[in-house]
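**Q** here is a sequence together with a model predicted from it:
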Amino acid sequence: MDVLEAKLSPTNSIVFVADPSHFYQLPPDIGDAPIVSTASCIAIGTLMEQDGETTIRLGASIDDPQGELAFDGEILTPGQTVAVVGSDAENILSMPVSGRTARVKVWVNSQREPDLVIIQAQ
């Protein structure tokens, strides 16, 4: 599968990684942390929406991740889908995964306000 990409200014400067076909529990307030998670959802802070676009990439295999690894863990995927979802619940990018849990790695090019977010889901 190819790597999917979107460039946008996310509403509220945040995106979520979750299986949108089932209920997922949002993490508590992200505060100053770049990434927080629950068993079913990862919240990722992005570049302030007023400051420009954030490039988001999603794929099963990332050959040359840029930035630093900011998250490495699992989320529940009962519908066998991983999606990047905006704060207003719009589906930005999505892809199938093979299991009811997915291992997710996230790389960012800045810990404070990344304008590049790379997500690998397997």
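**A** Done, it's in.
**Q** C-alpha from now on. contacts and neighbour counts both.
**A** Noted.
**Q** gap between the residue lying closest to P34 once chain neighbours are set aside and Q25?
**A** Of all residues not flanking P34 in the chain, G45 sits nearest, at 5.2 Å (Cα to Cα, 6 or more residues apart in numbering). Computed with Cα to Cα, to the nearest Å, the distance linking G45 and Q25 is 17 Å.
**Q** so the two - more neighbours on which side?
**A** The neighbour count for G45 versus Q25, taken as other Cα atoms under 10 Å, is higher for G45 (25 against 13).
**Q** what is the more buried one paired to in the beta sheet?
**A** Per DSSP bridges, residues listed as beta-bridge partners of G45: I14.
**Q** my read: it touches V15, true?
**A** Yes - counting by Cα atoms under 8 Å, V15 is a contact partner of G45 at 6.7 Å.
**Q** which neighbours does the least confident helix or strand in the chain by mean pLDDT have in its sheet, and in what orientation?
**A** Using mean pLDDT, DSSP states H and E, the weakest-scoring helix or strand in the chain turns out to be strand 35-37, at a mean of 94. Sheet pairing for strand 35-37, assigned by DSSP bridges, gives strand 41-45 (antiparallel).
**Q** list the contacts of the following helix or strand past the partner strand.
**A** Counting by DSSP states H and E, the next helix or strand C-terminal to strand 41-45 is strand 54-59. Outside strand 54-59, the residues that touch it by Cα atoms under 8 Å, 6 or more residues apart in numbering are 1-10, 46-47, 93-95, 114-121.
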